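> Provided below are the primary sequence and the corresponding predicted coordinates.
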Amino acid sequence: MKNLKLFTVILTCIAVGVIGGGILTGAALASASLAQRLAGRILLQVESKGEAWYVDPVELTRTYLGRPNDCFNLMREKGLGISNDNLKLIPEAIDGGSIVQKGNDLIYRNTEYNFSLSFPSGIWKNVIIENGPMDTIGFYLPTSSTKWPDTKALKFVMNIYMNKSMWNAIQAEPGPKPTYINEKNGVVYAYSVGHDDPEDQIGTLGQVWGIIHTLIIN
């Protein structure tokens, strides 16, 4: 898990910005409180040719970063990495939003249409989310069933109508219609459920209403 920490610090090394007050002296670093406050940061010594120093968060010592290779090598050796639990707190970017684990649930936040949904643990941890046509978002689960040649089965679709007149026009048309959920600021949120469960997903369509019930409109 060191790669993520290493990548972040490499970007910092390239930018070499002024962090935490900027000026670093031997006397200042000797202060444990200052070293703890600056631990893990790269500082630019602006009064001395712009030299860069890294403050080790464990040993609370400074290391000179002379050349780019010195910086890269240092981070490879001293990068602390990140735990799996903390990594799960970083949102995963997907179409129109992000998904992050919270306890046993997955929280999907859509920044384009300003809503969120919660998915239960188990099979839903593998949910596939894809933007569709006409302000729709499809939610799928992967399947090994040969009846679904694209290896994913549609569970439900979120339908977003950007104004009430669009929703009213849909209601006037013949045939099946999405089910109304809620609306805010003139935007209507509705959903449609898939038609069948593959043999390796029995019961998942019955869980859709519970997921829809978690809808939060921001």
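Here it is on my side, so go on. Numbering: from 1, shown residues only.
> Distance from the lengthiest strand in the chain to the middle of the chain?
For the chain, the longest strand by residue count, based on DSSP state E, is strand 152-161. Using CA atoms, centre = their mean, to the nearest Å, the mean C-alpha position of strand 152-161 is found 20 Å from that of the whole chain.
> Then stretch 55-72?
The answer for stretch 55-72 is 30 Å, by CA atoms, centre = their mean.
> In PDB, could you pull the C-alpha coordinates for that stretch?
Provided in PDB are the C-alpha atoms of stretch 55-72 (Å, rounded to 0.1, in the frame of the first residue of the first chain):
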ATOM      1  CA  VAL A  55      10.600  15.900   8.300                       C
ATOM      2  CA  ASP A  56      10.400  12.200   9.200                       C
ATOM      3  CA  PRO A  57       7.100  11.600  11.000                       C
ATOM      4  CA  VAL A  58       8.500   8.700  13.100                       C
ATOM      5  CA  GLU A  59      12.000   9.900  14.000                       C
ATOM      6  CA  LEU A  60      11.200  13.600  13.900                       C
ATOM      7  CA  THR A  61      14.400  14.300  12.100                       C
ATOM      8  CA  ARG A  62      15.000  16.300   8.900                       C
ATOM      9  CA  THR A  63      16.500  15.000   5.600                       C
ATOM     10  CA  TYR A  64      17.800  17.200   2.900                       C
ATOM     11  CA  LEU A  65      16.200  16.700  -0.500                       C
ATOM     12  CA  GLY A  66      18.900  17.700  -2.900                       C
ATOM     13  CA  ARG A  67      18.000  16.200  -6.300                       C
ATOM     14  CA  PRO A  68      14.700  14.700  -7.600                       C
ATOM     15  CA  ASN A  69      16.200  11.200  -7.300                       C
ATOM     16  CA  ASP A  70      17.000  11.900  -3.600                       C
ATOM     17  CA  CYS A  71      13.400  12.700  -3.000                       C
ATOM     18  CA  PHE A  72      12.100   9.600  -4.800                       C
END
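> hang on, the earlier thing: quick check: buried residues in the longest strand of the chain?
Within strand 152-161, the residues that count as buried by 16 or more other CB atoms under 10 Å are 152-161. Where C-beta positions appear, they are placed from N, C-alpha and C, glycine not excepted.
> Kindly report the same for stretch 207-218.
Neighbour counts over stretch 207-218 (16+ other CB under 10 Å) mark 207-208, 211-212 as buried.
> Stretch 57-76 now?
60, 62-63, 65, 71-72, 74-75.
> same question for it, mean pLDDT?
Stretch 57-76 comes out with an average pLDDT of 79.
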